[in-house]
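> Task: produce atomic coordinates for the following.
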Amino acid sequence: MDIMQAIDKVFAPCLGDLRIWRNWFTLLKAMFGISLDRDEKKVFRKVAKRKPGGPFREVFIIAGRRSGKSFITSLVAIFLALFFDYRPYLKAGERGVIQILAVDRAQARVIFNYICGILNSTDILRQYVIKELTERIELKTNVDIEVATCSYKAIRGRTVVACLCDEIAFWDVEGKNPDKEVITAIRPSMGTIPTSKLICLSTPYAKRGVLYDAFERSFGRDDPDTLVIQAESLLLNPTRRVDAPVSRRNPHRPHRADFPQWVPQA
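Okay, the predicted model is just below:
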């Protein structure tokens, strides 16, 4: 089952009006290498400046505030945990981990609540849950979904089948940005899983760190392994309110208040 089939058959009840999510659906199809129709290709070219490809092993989505990133992070994590089979790559008694890393405990709790809410939204999803703990959910697919703050210590000793990094541009521990150290620790932990994925979603911030490096290296280039997307909030969440002064100044220009100068105009 691909992600769009899963949305149609399993996740639709927790998404509400599916029309609101249509551009997110385009990005999800692109991430997982599902063919796009003509209108979807136009959206993809707008936000990626490249040809479709995939499935991609690493995905970086640069998007503004209130665009739905944390909810999509939760949805993708559950899809990967339920509909990918990692058992051929795990040792006897070993469980795979979908690791979600957030900027702080408050944001980690927001994402964990989304995950619990989605898994408890239908009987079909609820039947996969073995145990729900404070920061971890054990599933019958031999995969655990864990939510933690950004630390390389959360990764060590695990077989991570997928890692989703929320607001990676803002990771800060005692005045230091640990994103490179964390990603350096993540990649070896995914090394034995051929279908592993690293997915980073964030509002952009400074000209440094993993997000900026990925943008400089792969945005607008037909990289077969890495997809970088830059999308403004209103494209992904048409229900977001635009500040009145911005819309009066130029009602036809996309709202860019969340983007620093290094992010080009879409």
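
> what about the closest residue to Leu28 other than its chain neighbours, neighbour count?
Nearest residue to Leu28 in three dimensions, chain neighbours excluded: Ile3, at 5.2 Å (Cβ to Cβ, 6 or more residues apart in numbering). C-beta here means a position set from N, CA and C on the backbone, and glycine is covered the same way. Neighbourhood size, Ile3 [other Cβ atoms under 10 Å]: 19.

> Surely Ile3 touches Gly33?
No. Between Ile3 and Gly33 there is no contact under Cβ atoms under 8 Å: 10.2 Å.

> those strands in the stretch 101-250 of the chain, which residues are they?
Ranges of strands within the stretch 101-250 of the chain are 129-132, 136-139, 143-149, 160-166, 197-202, 226-231, based on DSSP state E, counting those that start in this stretch.

> so what's Asn250 scoring on pLDDT?
Looking at Asn250, its pLDDT is 36.

> ok, now how distant is the residue nearest in space to the middle of the chain from Tyr114?
Taking Cα atoms, centre = their mean, the centroid of the chain lies closest to Thr73, which sits 4.1 Å from it. Distance, Thr73 to Tyr114, by Cβ to Cβ, to the nearest Å: 8 Å.

> Give me the below-cutoff pLDDT ranges for this structure.
152-157, 173-177, 241-266 (pLDDT under 70).

> now what about stretch 121-141, what contacts it?
Outside stretch 121-141, the residues that touch it by Cβ atoms under 8 Å, 6 or more residues apart in numbering are 10, 13-14, 78, 81-82, 85-86, 95, 108, 112, 115-116, 118-120, 144-148.

> Quick one: the helices in the stretch 51-200 of the chain, in order.
69-83, 105-119, 123-126, 179-189 (DSSP state H, counting those that start in this stretch).

> most packed of those?
Highest mean neighbour count among the helices of the stretch 51-200 of the chain (mean count of other Cβ atoms under 10 Å): helix 69-83, with a mean of 22.

> Output the contacting helices and strands for that helix.
Here helix 69-83 touches helix 3-6, helix 22-31, strand 96-102, helix 105-119, strand 143-149, strand 160-166, strand 197-202, going by 3 or more Cβ pairs under 8 Å, 6 or more residues apart in numbering; DSSP states H and E.

> Now tell me what touches that helix from outside.
1, 3, 6, 11, 24, 28, 61, 63, 98, 100, 107, 110-111, 114-115, 118-119, 125, 128, 139, 141, 143, 145, 161-162, 164, 166-167, 197, 199, 201-203.

> Using CSV, list the CA coordinates for it.
Output of helix 69-83 as CSV, limited to C-alpha atoms (Å, rounded to 0.1, in the frame of the first residue of the first chain):
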residue,chain,number,x,y,z
LYS,A,69,4.7,20.3,9.2
SER,A,70,4.3,18.6,12.6
PHE,A,71,1.0,16.9,11.7
ILE,A,72,2.5,15.6,8.4
THR,A,73,5.6,14.5,10.3
SER,A,74,3.3,12.4,12.5
LEU,A,75,1.3,11.0,9.6
VAL,A,76,4.4,10.0,7.7
ALA,A,77,5.9,8.4,10.8
ILE,A,78,2.8,6.2,11.2
PHE,A,79,2.7,5.3,7.5
LEU,A,80,6.3,4.2,7.6
ALA,A,81,5.8,2.2,10.8
LEU,A,82,2.7,0.4,9.6
PHE,A,83,3.1,-0.1,5.8
